[in-house]
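In: Based on what follows, work out the 3D shape:
(4 chains)
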Protein chains: 2
Amino acid sequence: MVESGTSASPDMGHPGGDRPRLDRQRILEAGAVFIEEHGVRQLSMRRLGAELDVEAMSLYRYVPSREDLLDGIVESVVDELYSDPEVYVEPRYGWQDYLLRLAHGLRRLAVKHPQVFPLIATRPAEAPWVRPPLRSLRWVESFLRAMTQAGFSNEQAVEAYRAFSSFLIGNLLLEVAALGADIGPVEDPDPSPSRQADLTDYPLLQELQDLLSEDRSKQEFDAALDVLLDRLDGQLG
Amino acid sequence: MVESGTSASPDMGHPGGDRPRLDRQRILEAGAVFIEEHGVRQLSMRRLGAELDVEAMSLYRYVPSREDLLDGIVESVVDELYSDPEVYVEPRYGWQDYLLRLAHGLRRLAVKHPQVFPLIATRPAEAPWVRPPLRSLRWVESFLRAMTQAGFSNEQAVEAYRAFSSFLIGNLLLEVAALGADIGPVEDPDPSPSRQADLTDYPLLQELQDLLSEDRSKQEFDAALDVLLDRLDGQLG
DNA sequence: ACCTGAACACCGTTCAAGT
DNA sequence: ACCTGAACACCGTTCAAGT
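Out: Take a look at the predicted model:
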């Protein structure tokens, strides 16, 4: 939050290798960018250091370990949700509007960070009942408050929270996986038709391949979200 | 499939360090066991070699790389589904019975291999439309055949395939994550109440903590599966 | 106060060499 | 035919040392 850049200090105008001093947030953001570009597997302390014009060892001033670095990156990416103007922490137009906005905000996050999202989905959370992708106590509290204030019982609110997170993980993880990069090596552009899956034994797959390859993520997501909201609405009865 | 043990060869009776000769399947199974015991992070070629009483380098005769090893482990675990007597590759009592059995078989797999399941969910598949956890062409073909034979249109069958896989990933990934181990370090039994999440700022979380900590996975799973089947049934008209 | 060099214990992987 | 030793290039992490 502290503006530190505009002071009258006599610094040169970044002629190429002038690094703006290390800090934790800068490291986490660089990490997120690196993962999006090269995949998690490629992220090493040494390479991330190089990216920041610094020796790997310097990172340890701000990040206790590589594992903690990954957790920090996940947290930092998920926190982008707070600056999404379309998503409200406090419901404004009812619980359905709240859930729709939250779901779409998380989908935007996933699509923006397809390589980081699998980490969001699979890294251990701070409590077992903190279910990704709502990885912060504050969002869970916000969710439960929205629902109970709307008239859901405590039990129903918790059940809705579980159904909502399962819905998001299932849909978004498979959507980003299909985005081609998947989680994974990222290597091997391999334009050879070498492993073009032999479908001779699978006539139906062969017939439906075009249909299967269509990208219907957005429609599926909205449809499944609709079904979920309807189901929850029915419980309000 | 070949019985090789009972021959009259003069081998001693495994006095402790007698290894039954290396082969790919044995390596994959040992890998799955190792991951379940220590987590993926801990799995190195050298340690897996040691587990098999062999130098790491020997593994490369059967497995091209560590990445391929992980893929092989995933495939080998998923293939256990074929020997689940409750799951039918060919539907016998209608599509709903088929889907129920398939879903429950995959859930048993996930619960049996909580540490491997996240890999099943996130490893890149052989084609973008092969959606985990149904990671094999044969199962996708089986699924689509079951649905089209039951009267679903091609489009509806593909849509059902997508909805079914999203449902499974979302529910099962979150269920195994809650199983405590999560994917993750596995280390640190850390019985200190050090990071017992400070809930003072989150009154609702505090109030609902018991409710949130209850394990309702089985019920949720069955309920969500029911909703899904109902929805599909509605499309049959 | 912040960064680095050198060092340690470990990796994945290759390959020539052993039996 | 199957396994290994030695070697290479890379890791994560620690710590005493530099500025």
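In: and stretch A:136-147, does that touch chain B?
Out: Yes: applying Cβ under 8 Å from any Cβ of the partner chain, one finds stretch A:136-147 in contact with chain B at A:137, A:138, A:140, A:141, A:144, A:145. Just so you know, the C-beta spots here come from the backbone N, C-alpha and C atoms, and that holds for glycine as well.
In: typo on my end, it should be stretch A:68-81
Out: No: Stretch A:68-81 is not in contact with chain B by Cβ under 8 Å from any Cβ; minimum separation 9.8 Å.
In: in what helix or strand does residue A:124 lie?
Out: When elements are assigned from DSSP states H and E, residue A:124 belongs to no helix and no strand.
In: ok and the residue in chain A nearest chain B?
Out: Nearest to chain B in chain A, going by Cβ to the nearest Cβ, is residue A:170, at a distance of 2.6 Å.
In: Once you drop chain neighbours, what's closest to that residue?
Out: Distances taken as Cβ to Cβ, 6 or more residues apart in numbering or on different chains place residue B:170 nearest to residue A:170, at 2.6 Å, with adjacent residues excluded.
In: mind listing what the one you found touches?
Out: For residue B:170, the contact set (Cβ atoms under 8 Å, 6 or more residues apart in numbering or on different chains) comprises A:165, A:166, A:167, A:168, A:169, A:170, A:171, A:173.
In: In JSON lines, list those residues along with pLDDT.
Out: Putting these into JSON lines (pLDDT from 0 to 100) gives the following:
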{"residue": "A:165", "pLDDT": "98"}
{"residue": "A:166", "pLDDT": "98"}
{"residue": "A:167", "pLDDT": "98"}
{"residue": "A:168", "pLDDT": "98"}
{"residue": "A:169", "pLDDT": "98"}
{"residue": "A:170", "pLDDT": "98"}
{"residue": "A:171", "pLDDT": "98"}
{"residue": "A:173", "pLDDT": "98"}
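In: In helices only, show me the residues you listed.
Out: In helices, defined here by DSSP state H, the members of those are A:165, A:166, A:167, A:168, A:169, A:170, A:171, A:173.
In: List only buried entries from those residues.
Out: By neighbour count, with 16 or more other Cβ atoms under 10 Å in any protein chain shown, the ones in helices among the contacts of residue B:170 hold A:165, A:166, A:167, A:168, A:169, A:170, A:171, A:173 as buried.
In: Pull up the gap between residue A:132 and DNA strand C, please.
Out: Counting by Cβ to the nearest atom of the strand, to the nearest Å, the gap from residue A:132 to DNA strand C is 27 Å.
In: right, and that residue touches residue A:121 too?
Out: Yes: contact criterion Cβ atoms under 8 Å: residue A:132 and residue A:121 qualify, at 5.1 Å.
In: anything in contact with each of these two?
Out: Shared contacts of residue A:132 and residue A:121, defined by Cβ under 8 Å, 6+ apart, comprise residue A:169.
In: Those two: which is more packed in?
Out: Per other Cβ atoms under 10 Å in any protein chain shown, whichever of residue A:132 and residue A:121 has more neighbours is residue A:121, with 30 against 24.
In: Contact partners for residue A:155?
Out: Counting by Cβ under 8 Å, 6+ apart, residue A:155 has contacts residue B:211.
In: Specify the residue ranges that define each domain of chain A.
Out: For chain A, the structural domains run A:18-64, A:80-183+A:206-236, going by automatic domain parsing.
In: Sweet, I'm off.
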